[in-house]
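Participant: just coords:
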């Protein structure tokens with residue numbers, strides 16, 4: 001339902017205005033199962049197994065998405081945006097702007113949007129913007145036990161690039177998706193940032 005880019009519907013910020021927006025998106029690069037796994041698992045401190053088990057339990061217990069009264073309740077990893085800076089306008093187009101984004105726990109990234117972000121968004125970045133990774137139990141691949149192989153695979157899965165949603169906070173603890181016409185690919189900084197991640201339940205309108 002969230003895998004689309006295009007213009008958002010007035011009904012809900014997470015629904016496209018046109019059904020044609022539901023087209024296969026470019027897949028985020030899949031980590032190589034050799035070097036990437038070794039770099040993630042070899043860097044784990046002794047206490048990381050406890051943190052990983054705690055994270056795994058929270059993933060198992062996370063509720064499924066639900067849509068009631070035009071409100072989407074979504075389990076997700078949420079990364080607080082700390083900086084948004086306009087880098088440049090596309091010289092070949094008056095409607096293309098590149099922003100550099102930094103978020104706690106993620107590598108720096110850039111997005112290109114067809115219109116400038118509004119002033120209210122730019123002036124109130126701290127705490128008001130979140131990059132989120134929607135979570136679903138199917139991402140665990142049906143595993144219910146965290147054995148060594150499952151733990152390794154979980155780290156690789158969560159450590160790889162993912163298609164993120166950019167949300168802005170509204171009153172009454174609600175969030176709205178912005179920049180839906182842009183494919184945003186994000187990636188955690190390292191394994192430590194993965195272990196510090198927490199599942200949040202957000203209400204999207």
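Facilitator: Yep, that arrived. Note that the structure is a prediction, hence the values are computed from the model and not measured. Numbers count the residues shown, from 1 in each chain.

Participant: can you give me the strands for this protein?
Facilitator: 66-68, 71-89, 97-103, 109-113, 129-134, 162-170, 174-178, 184-186, 199-204 (DSSP state E).

Participant: Please compute how far the last one lies from its chain's middle.
Facilitator: Translated: strand 199-204. Mean-position distance between strand 199-204 and its chain equals 12 Å (Cα atoms, centre = their mean, to the nearest Å).

Participant: Select the helix or strand of this protein having the lowest average pLDDT value.
Facilitator: When each helix and strand of the chain is scored by mean pLDDT, DSSP states H and E, helix 35-42 comes last, with a mean of 49.

Participant: what about the longest helix in the protein?
Facilitator: Of all the segments assigned as helix in the chain under DSSP state H, the longest by residue count is helix 48-61.

Participant: Quick one: mean pLDDT over that helix.
Facilitator: Taken as a whole, helix 48-61 has a mean pLDDT of 87.

Participant: From the contact counts, what lies against that helix?
Facilitator: Counting contacts by 3 or more Cβ pairs under 8 Å, 6 or more residues apart in numbering; DSSP states H and E, helix 48-61 is packed against helix 148-159, helix 191-195. Where C-beta positions appear, they are placed from N, C-alpha and C, glycine not excepted.
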